[in-house]
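Novice: Give me a model of this one.
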Amino acid sequence: MTGEARVAAADIARLAGVGRTAVSNWRRRFPDFPRPVGGTPSNPLFSMAEVEAWLRGQGKPVHLPEDERVWHRIRNAAGDADPLGLVAALAAALVAVGHRRLQQAGDAELRDALPPDLADTPLPLLRAVGELAADRGDAATVEFLCRRYAEAQPRRPQSVEPEVAPVMAELLGPCRTVLDPLCGFGPLLLAAAPRAERLLGQERDPALARLAAARLAAARAGEHDVRPGDALTRDAFRGAEADGVLCIPPFGERAWGHDELTNDPRWLHGLPPRGEPELAWVQHCLAHLRPGGHAVVLMPAAAASRRSGRRIRSRLLRTGTLRGVIALPPGAAPHSAAAPHLWVLRRPGADDEVPPRVLLAACALDQVVPTWRSFLHEEAPTGAARAVPVVELLDDEVDLTPARHLPAPPPPPAPVADLERARAELAALGAGIAELLPTVSARTRELTMTTLGELARAGAVRLEQTPMRMRADAGDRPVLTAKDVVVGRGPTGTGTAEPGAVVARAGDIVIPVIARGVTARVVEEEVLLGPHLYLVRADPRAFDPYFLAGFLRLTAPPGSALSSRGQRVDLRRARVPRLPIADQRRYGEAFRRLEEFEAALARLSADGHGLAERIRDGIVLGELQPGP
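Specialist: Predicted structure coming up:
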């Protein structure tokens, strides 16, 4: 390993055995932390030698297993370029030649043994990969290279969650031939391998196609054929038919070849609109199915209801081609936090009758296959599933979203004992609320007033505003945000005390700079303040903080209107009485008790509404009945 090897933040975290947040904190806190030597602003790269030296200088242990050192050599050889081509070449060479020849053959012999398109692969890297494979096996080494590439380039390959691929393959069942027309680095084909005799794959990126083929070969997946090219515009398997097709199309792709494919014979169910690329992939999958074969396609939820695709959805239903739409949990689709759908399709034979029902379901991944099998066996569906009559779906919208056609799940029944306990707590809270109100009497003398600005100019109070821009979502210190102050909760942000940051101490007063109404809050413990906040700090021997907060809340005038969020608070013009500290404390105690009263009143209202809703729902759903 040379001293020029470079590592990203995630690699440094592995090196030191910490999380990535810790690395971000080190970069901000320590001026001697190594500077980036490459990469991009969002993904900087650092000298590995400098990082290791810095970690040892900080007394932090350095852990880097051999496979990670091999990976860093690979990425260092690729420089700032995408290492996919190099990773794919190394994986392909390993499965073509084997680790023993990579280790033992001389340079000339090894060059002759390599396929011609791999002859330029760096020999030192080939031998390093061979040594790694000798220790952990060829298949495990190929999987390591694939996994580390996917981690380093998380948005590059068309990936799939590891739990999703087996579910999609199991929905197909045993098949002689399985096709994935957009196979990425092969996760769906690998999942289908135990149930298939022959695997066909196509991938737009030639390097990614090579990597997928290497994975299949290393896993001994049987007969397989992975070809490069865009399956929609340059179908590498034109005329071929498969027993099953698996596909994860790119969601929302615009440049998918709409104009040049207008008269394509694959569009048996209608020309896909330009904004419906997923329906083009669905029909491509169907075009490669034998009669009676199934396709399982991971689709965005919007494809079930977009108006532009309703004619094609209608045709899929009328011909008996679409057999099920199953909503998966959020995050099951690559690069998306939304909840995708699985479409299960079947190419009907010439004499097949159109099934009268289609499965619409929403379930966890481990329930997808049992739900589908129950539907096939015409068993009564369980859970969030329903065999919906096709005629019920053929309206003006042809909305296939499962949630629209499934009954809402009933709320869990509330035990009567829990309701009675909540009733007792509500009664106790209500009984004590009035006692929180402070006692008051008519004022007997006029108060001499001053302004907060005058007090600040005299040095009696300190008035400070937090930075307008700062991150409140990264770091390890609690951050009190403006919204926290308004809603009366504890700090919800996290951050670091960078230069210019404002830290509030116990007894300080914080006020949002922009608000619909002025909110002044006394801080009870030290906390880092987020953006758009005023801080007022006074000597507790001269000013009671609750006294100041109470008057600032009521007398700070609004400034100019800014937006729908509210107005800027003109804090310096807030009027404050000049009173001895003993009188201030009486006022402060009254303001503090009023805050407690308002908080208890809000809690009473929320708890009361919640209890009423639980009782009403229980009666309506038949779980409760009125008492005698």
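
Novice: quick one: strands adjacent to the longest strand along the chain?
Specialist: Criterion DSSP state E: the longest strand present in the chain is strand 289-299. Each strand pairing with strand 289-299, determined using DSSP bridges, is listed with its direction: strand 242-247 (parallel), strand 341-346 (antiparallel).

Novice: contacting residues around it?
Specialist: Strand 289-299 is touched from outside by 160, 164, 168-169, 171-173, 175, 241-249, 278, 281-282, 285-286, 323, 332-333, 340-350, 352, with contacts defined as Cβ atoms under 8 Å, 6 or more residues apart in numbering. Glycine gets a C-beta too; all of them are placed from N, C-alpha and C.

Novice: buried ones in it?
Specialist: 289, 293, 294, 295, 296, 297, 298, 299 (16 or more other Cβ atoms under 10 Å).

Novice: now, which of those sits nearest residue 94?
Specialist: Taking Cβ to Cβ as the measure, residue 94 sits nearest to residue 298 out of the buried residues of strand 289-299, at 30.2 Å.

Novice: which residues does the closest one bridge with?
Specialist: Beta-bridge partners, per DSSP bridges, of residue 298: residue 342.

Novice: Check the gap between it and residue 251 for me.
Specialist: When Cβ to Cβ, to the nearest Å is the yardstick, residue 298 and residue 251 sit 9 Å from each other.

Novice: which residues do those two both contact?
Specialist: The overlap between the contact sets of residue 298 and residue 251 (Cβ under 8 Å, 6+ apart) consists of residue 333.

Novice: can you list the residues that contact stretch 381-396?
Specialist: Applying Cβ under 8 Å, 6+ apart, the set of residues contacting stretch 381-396 from outside is 310, 314, 317-318, 354-363, 367, 371, 374-375, 378, 399-400, 402, 405-407, 409.

Novice: now swap in stretch 422-434 and tell me
Specialist: Judged by Cβ under 8 Å, 6+ apart, the contacts made with stretch 422-434 from elsewhere in the structure are 597, 600, 601, 603, 604, 607, 608, 611, 614.

Novice: repeat that with 7 Å
Specialist: Defining contact as Cβ atoms under 7 Å, 6 or more residues apart in numbering, one finds that stretch 422-434 is touched by 597, 600, 601, 603, 604, 607, 608, 611.

Novice: Look up the closest residue to the third one, ignoring the ones flanking it.
Specialist: It stands for residue 601. Distances taken as Cβ to Cβ, 6 or more residues apart in numbering put residue 433 closest to residue 601, at 6.2 Å, once the chain neighbours are dropped.

Novice: Surely that neighbour is within a strand?
Specialist: No - per DSSP: H, G, I helix; E, B strand; the rest coil, residue 433 lies outside any strand segment and is helix.

Novice: What's the local residue count around residue 109?
Specialist: Neighbouring residues of residue 109 were enumerated by other Cβ atoms under 10 Å; the total is 10.

Novice: just to revisit the earlier point, please list the members of the contacts of stretch 381-396 that lie in strands.
Specialist: Filtering the contacts of stretch 381-396 for strands - DSSP E - leaves 357, 358, 359, 360, 361, 362.

Novice: Next up, the contacts around the fourth one.
Specialist: Going back to what we said before, that points to residue 360. Contact analysis of residue 360 by Cβ under 7 Å, 6+ apart lists 325, 386, 388, 400, 402, 405, 406.

Novice: One more pass at 10 Å, please.
Specialist: Neighbour list for residue 360: 304, 324-327, 341, 375, 381, 384-388, 392-393, 400-406 [criterion: Cβ atoms under 10 Å, 6 or more residues apart in numbering].

Novice: Among these, name the buried ones.
Specialist: 304, 324-327, 341, 375, 381, 384-388, 393, 400-402, 405-406.

Novice: Skip ahead from whichever strand or helix holds residue 426 and say which helix or strand is next.
Specialist: Secondary-structure element containing residue 426, defined by DSSP states H and E: helix 416-433. Going down the chain from helix 416-433, the next helix or strand is strand 449-451, by DSSP H and E.

Novice: who does that following strand pair up with?
Specialist: Strands that pair with strand 449-451, judged by DSSP bridges, come out as strand 575-577 (antiparallel).

Novice: Name the residues that touch the strand it pairs with?
Specialist: Strand 575-577 is contacted from outside by 446-452, 454-455, 460-461, 538, 543, 547-548, 550-552, 554-557, 583-584, 587, using Cβ under 10 Å, 6+ apart.

Novice: measure residue 13 to residue 59 for me?
Specialist: Residue 13 sits 17 Å away from residue 59, going by Cβ to Cβ.

Novice: more crowded one of those two?
Specialist: For residue 13 versus residue 59, neighbours defined as other Cβ under 10 Å are more numerous around residue 13 (17 against 6).

Novice: what pLDDT does the more buried one get?
Specialist: On pLDDT, residue 13 comes in at 84.

Novice: tell me which residues in the strand or helix carrying it are buried?
Specialist: With the criterion set as DSSP H and E, the secondary-structure element containing residue 13 is helix 9-16. For helix 9-16, the neighbour count (16+ other Cβ under 10 Å) marks 9, 11, 12, 13, 14, 15, 16 as buried.

Novice: Make a markdown table out of the residues you listed and add distance to residue 526.
Specialist: Written out in a markdown table, the entries for those read as follows (distance: Cβ to Cβ, whole Å):
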| residue | distance to residue 526 |
| --- | --- |
| 9 | 29 |
| 11 | 35 |
| 12 | 31 |
| 13 | 29 |
| 14 | 34 |
| 15 | 33 |
| 16 | 29 |
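
Novice: before we move on, back to that, now, of the contacts of stretch 422-434, which are buried?
Specialist: Buried positions within the contacts of stretch 422-434, assessed by neighbour count (16+ other Cβ under 10 Å), are 597, 600, 611.

Novice: Skipping its backbone neighbours, what lies nearest residue 287 in space?
Specialist: Leaving aside its chain neighbours, residue 287 sits nearest to residue 266 (4.2 Å; criterion: Cβ to Cβ, 6+ apart).

Novice: Kindly confirm my reading that residue 600 is in a strand.
Specialist: No - secondary structure assignment places residue 600 outside any strand; it is helix (three-state DSSP).

Novice: and it, what pLDDT?
Specialist: Among the per-residue scores, residue 600 shows a pLDDT of 85.

Novice: so who does it touch?
Specialist: Residue 600 makes contact with 429, 430, 432, 433, 434, 435, 436 under the criterion Cβ under 10 Å, 6+ apart.

Novice: Repeat the analysis, applying 7 Å as the threshold.
Specialist: Contacts for residue 600 (Cβ under 7 Å, 6+ apart) come out as 429, 433, 436.

Novice: do the same with residue 139
Specialist: Taking Cβ under 7 Å, 6+ apart as the definition of contact, the neighbours of residue 139 are 218, 219.

Novice: where's it, which helix or strand?
Specialist: Assigned by DSSP H and E, residue 139 belongs to helix 138-152.

Novice: which is the next helix or strand following the helix holding residue 13?
Specialist: Counting by DSSP H and E, the next helix or strand C-terminal to helix 9-16 is helix 20-29.

Novice: Mind giving me the packing neighbours of that next one?
Specialist: Other helices and strands packing on helix 20-29, by 3 or more Cβ pairs under 7 Å, 6 or more residues apart in numbering; DSSP states H and E, are helix 9-16.

Novice: Let's see that with 10 Å instead.
Specialist: On a contact count with 3 or more Cβ pairs under 10 Å, 6 or more residues apart in numbering; DSSP states H and E, helix 20-29 meets helix 9-16, strand 44-47, helix 48-57.
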